[in-house]
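Chemist: how would this look folded up:
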Amino acid sequence: MKTQEPERVWIIQRCIDAWTNHYEDWPGYCEPMNREDMMAALKACDDKWPAYEFRGHNINYASQPCKRGEYPKPLLHQSR
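Modeler: The predicted structure follows:
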């Protein structure tokens, strides 16, 4: 039985403005990677550039913008 390779859906982004949810893909870390590699890359970025704030971003997650004063709407709905 062949084991399945973890999904490569993570990239590293640098925070421009967390208040407005503005991030940019960080050069050298914007090729999709698996979660384990993303965690190691986050640590490497934090160690190398301590003045910046980084996040791991799942490229399969598409956020829906909300209007000012609204709560974000969930993307996935579970049926009962």
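Chemist: Chain neighbours aside, what residue packs nearest to Met38?
Modeler: Trp10 (3.7 Å; CB to CB, 6 or more residues apart in numbering). C-betas here are computed from N, CA, C, even on glycine.
Chemist: Surely that neighbour is in contact with Cys30?
Modeler: No: here Trp10 does not reach Cys30: they are 10.2 Å apart, not a contact under CB atoms under 8 Å.
Chemist: Between the two, tell me which one has more neighbours.
Modeler: More neighbours surround Trp10 than the other of Trp10 and Cys30, with 23 against 14 (other CB atoms under 10 Å).
Chemist: measure the more buried one to Ala51 for me?
Modeler: Distance, Trp10 to Ala51, by CB to CB, to the nearest Å: 23 Å.
Chemist: Which parts of the protein are strands?
Modeler: 10-17, 22-25, 54-58 (DSSP state E).
Chemist: returning to that earlier point: contacts only, for the residue nearest to Met38.
Modeler: 32-35, 37-38, 56-59 (CB atoms under 8 Å, 6 or more residues apart in numbering).
Chemist: how about Pro6, what does it touch?
Modeler: Neighbouring residues of Pro6 by CB under 8 Å, 6+ apart: 34-36.
Chemist: Specify which member of those residues is nearest to Arg14.
Modeler: Distance to Arg14 across the contacts of Pro6 (CB to CB) is lowest for Arg35, with 19.0 Å.
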